[in-house]
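S.K.: quick one, structure for this:
(chains A, B and C)
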Amino acid sequence: MNFTMNKLSGILENVTISDSKQHFYLLEMQYFTEVLSHLMNDLLDKLNDMQQQAVLHDTGPLLILAGAGSGKTRVLTHRIAYLIRELGVSPYQIIALTFTNKAAGEMKERVASIVGEGAESVWVSTFHSSCVRILRRFIDTIGYDRAFTIYDSDDSKSLMKEVFKYLNIDSKQLKEKAVLAVISHAKDELVGPEVYAKDAPSDAINRKIAACYTEYQRRLKANNALDFDDLIFKTVELFQNNPDALEYYRRRFRYIMVDEYQDTNHAQFVLIKLLAHHVNDEGEIEKNLCVVGDDDQSIYRFRGADIRNILDFEDVYPNAVVIRLEQNYRSTGNILDAANNVIHNNIGRKDKTLWTANPTGEVTEVTCYENDNDEAAGVVSDIISRCDNEGYSYKDFAILYRTNAQSRAFEERLIYRNVPYRIIGGQNFYQRKEIKDMIAYLKVIDGSLDSLAVKRIINVPRRGIGLASIDRIDAYATEHDISFYEAMKNIEFIPQVARAKAAVNSFVSMIEVLRGKLAGGEYSIADLIDEILEATGYIDYLSEDDEPSKVEERIENINELISKMTAWADEQEDEDAAHDLKNFLDEIALVADIDGYSEDSDVVVLMTIHSAKGLEFPNVYLVGMEEGLFPSYMSINADNPADEIEEERRLCYVGITRAMQHLKMSYCKQRMMRGDIQFNKVSRFIKELPRNLIKMSGNQHSGRLSDTSFSSKSYSFENPRSDRSRPDSYASRSGSGGSYPASNTELPGIRSGGSSADASKLSDFLRSNPYAEKHKLPPAGLSAVADLGFGIGDTVRHYKFGEGVVTDIVKGGKDYEVTVNFPVGTKKMLASFAKLEKV
DNA sequence: AGTCACGTCGTTTTT
DNA sequence: CGACGTGACT
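M.R.: As a prediction, the model looks like this:
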């Protein structure tokens, strides 16, 4: 509290008052300070010196270099609290920018818990939603309608397809995705179509891309739509073209905080710089910008993140104060050592070494498995045994991998062993067909000028409006410079569309009716879905189309959407349903997979290392540690492998530092990739770990760890036999293959047989089913309905055969073939038909 | 207009 | 392997 006291005395010294009075004031102040210190105790108490310094920093630019697990969120939230509570800053004048809604939500919550009343006025949100908020207010000044829609990557791709068609570009020569990637990068760099056309090298390919960019942007505008990158780009454009808008936000945001600063791209950098320039009433420039980041955790370069933003912060903001947070509170000493050893192989980083006062802990176990299925089996077994023997819960475990495709083997194994789990990533909830259809209806009802949404649903369910009709309506719309939907209303004047005329008319009147009901206040937005389903016969359409299990899943998803909308509408103070709808559409356009992750439910969680950034788990399995997978094939064969590999290494660093108590890594001798078998070598990142920090297990081949040289293109087909003859400096020292934990009966090397062969060996199958809690509706990101509700060894009831014991479960296609021993005999049946119930 | 069968291509990571 | 797109056929 000396700090506060000194500060207050300092203030007093600058005030001219008589000595006696000053003394009096000092006493007053002393009392005041005591009260204050009481208040501040909880603010500073649990913080170390560096963290306190960061919290107490008030004016001028501040760079907090926060290592993994060093408590940066705590510092950010406490700093906000300090500004409000101690410096009397109005919450309204603070903005905190994050990358995910999850991070924003957590920050909001934590600030609210410290500050209480008023915290809700702090503007805490993602870059993208902040920009939406700003643009909704001012975008009309740069030529867009304020009711713009937001395109997700699927929408962008559809639009690009139209562009390709229009420009007669063969999608075999040039990929939509590739063009979109180039455009995205250009936008990240604030390079518009004109500049791109002018500056990009004028080879044939680039001229085509430039043409696509121009046309793509023209069509976005015609649809009154912005893609993800536009949200940032257009906000910068707005600020550069509309000084009033800029001034408004400059005045408003006296304190700007940015989380994960190392992930910002150039456009975001410029945006921040524009906002951070603030002139106070005395005409002095204050840049109360506080950024937090860690260059070692910069893993989004592929998305345009520019690591220089953080490395050059002090050059851009010359009087910046730099505070380093290097004490890690999360991991054991050994885990941290491992992380430090890996990341030290990178050059071009701000050198720092994280340390911890935590116990040393155990060494990292590195296991070699025969193949990806064995790897999954080994990891899942390990999780089960540690839950049983060490008192962990499922939620204490995370399986982290480089690519989403790797989740599959683990998912199958988790189902097989009846372990509740949750996969983050893969297909986003809002990207599912049925959800996108519903959203498209909502967008059209909302009255958006977006033609993509209309085109998506105009013939879903089938109404007999084919491609030819759509093209003609489109042509009419372009010709008369009206939206696609407006053109539909004029169907009478489009001569070529004869047969579909009635269908189009009834579609339009259906939309109009729904629109009227919404405007009339008869319905909440959730009711609207019911109305749509009924008016369109959508459920029937689903039912005739897909296989039964899929249909059920889709209907469940729609129900989930309805509950999300209900929950959303309940939170809104707004009584106007039409308004609710607009806000809801904004909200869902910007959700990320990770936003749906909650620490609460007791499930094993699976995700990419990218998604795991910012999270922590007691036990982490870093799987697929193989050359070609991690670091990825793409990075090894890139034009600039050195840079790309460094990014992969940072990713590895992020993965390692997610672990609090136990870290386990694994790799496979062979793995199924794209339908054929790949033979990968152990990842170089494992070799970067000092020997005393790891324990090798599984029967890795000789030589596997001693040889880094492999041909650049194909390192598959490494012959295991010839390998074995090579000397092995590494594995032999650690006792090759010898050290399985005794509790683990299912480790690799025993045999790489199918699951039923494994099952017979697994006595622990007969243990009671730990999985009591039934899954509720699949939350966003859950890729499949995970459980059958029973596992091998459980007793189940069949409506006809009575009670029996499950002896085997085999996944076949979308269903499970369950073998059950009934009194009447052993029966094999499909889970979806048998309606088996656990007893 | 809609459906079925075959071929191609892809997997890095995502707001 | 599996998703998706194209093309021919009904």
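
S.K.: gap between the residue in chain A that DNA strand C sits nearest to and residue A:405?
M.R.: Nearest to DNA strand C, among the residues of chain A, is residue A:675, at 2.6 Å (C-beta to the nearest atom of the strand). Every residue, glycine included, has its C-beta placed from N, CA and C. Per C-beta to C-beta, to the nearest Å, residue A:675 is found 12 Å from residue A:405.

S.K.: so these two - more neighbours on which side?
M.R.: Counted by other C-beta atoms under 10 Å, residue A:675 and residue A:405 do not tie: residue A:405 has more neighbours, with 14 against 5.

S.K.: tell me, how many residues neighbour the closest residue to that one other than its chain neighbours?
M.R.: The shortest distance from residue A:405 to any non-neighbouring residue, by C-beta to C-beta, 6 or more residues apart in numbering, is to residue A:673 (7.9 Å). Neighbourhood size, residue A:673 [other C-beta under 10 Å]: 17.

S.K.: phi, psi for residue A:673 please.
M.R.: phi -140, psi 130 (degrees, to the nearest 10).

S.K.: is it bridged to anything, and to what?
M.R.: Taking DSSP bridges as the rule, residue A:673 bridges to residue A:676.

S.K.: per-residue confidence for it?
M.R.: With respect to pLDDT, residue A:673 scores 84.

S.K.: and what of residue A:366?
M.R.: 95.

S.K.: try residue A:401
M.R.: pLDDT at residue A:401 comes out at 95.

S.K.: list the contacts of whichever residue of chain A sits closest to DNA strand B.
M.R.: The nearest approach of chain A to DNA strand B comes at residue A:466, 1.8 Å away (C-beta to the nearest atom of the strand). Each residue near residue A:466 by C-beta atoms under 8 Å, 6 or more residues apart in numbering is listed here: A:459, A:500.

S.K.: let's see the pLDDT reported for residue A:525.
M.R.: 87.

S.K.: how about low-confidence regions in the stretch 251-400 of chain A?
M.R.: Nowhere does the stretch 251-400 of chain A drop to pLDDT under 70.

S.K.: near DNA strand B, which residues of it show up?
M.R.: Counting by C-beta under 7 Å from any atom of the strand, the stretch 251-400 of chain A comes close to DNA strand B at A:299, A:300, A:302, A:303.

S.K.: what subset of those residues is buried?
M.R.: Neighbour counting by 16 or more other C-beta atoms under 10 Å classes A:299, A:300, A:303 among those as buried.

S.K.: make JSON lines out of those residues and add secondary structure and distance to residue A:652.
M.R.: What follows is these, written out as JSON lines (DSSP: H, G, I helix; E, B strand; the rest coil; distance: C-beta to C-beta, whole Å):
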{"residue": "A:299", "secondary structure": "coil", "distance to residue A:652": "10"}
{"residue": "A:300", "secondary structure": "coil", "distance to residue A:652": "15"}
{"residue": "A:303", "secondary structure": "helix", "distance to residue A:652": "18"}
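
S.K.: next, format the residues you listed as a markdown table and append distance to DNA strand C.
M.R.: Below are these laid out as a markdown table (distance: C-beta to the nearest atom of the strand, whole Å):
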| residue | distance to DNA strand C |
| --- | --- |
| A:299 | 26 |
| A:300 | 25 |
| A:303 | 22 |
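
S.K.: what's the nearest residue to residue A:532 if we skip its chain neighbours?
M.R.: According to C-beta to C-beta, 6+ apart, the nearest residue to residue A:532 is residue A:441 (4.8 Å).

S.K.: run through who's touching whichever strand or helix holds that neighbour.
M.R.: Under the criterion DSSP states H and E, the helix or strand holding residue A:441 is helix A:433-446. If you take C-beta under 8 Å, 6+ apart as the criterion, helix A:433-446 is touched by A:149, A:154, A:429-430, A:450, A:453-454, A:456-457, A:460, A:485, A:511, A:514-515, A:518, A:525, A:528-529, A:532, A:536, A:538, A:542, A:554, A:557-558, A:561, A:578, A:581-582, A:584-585, A:588.
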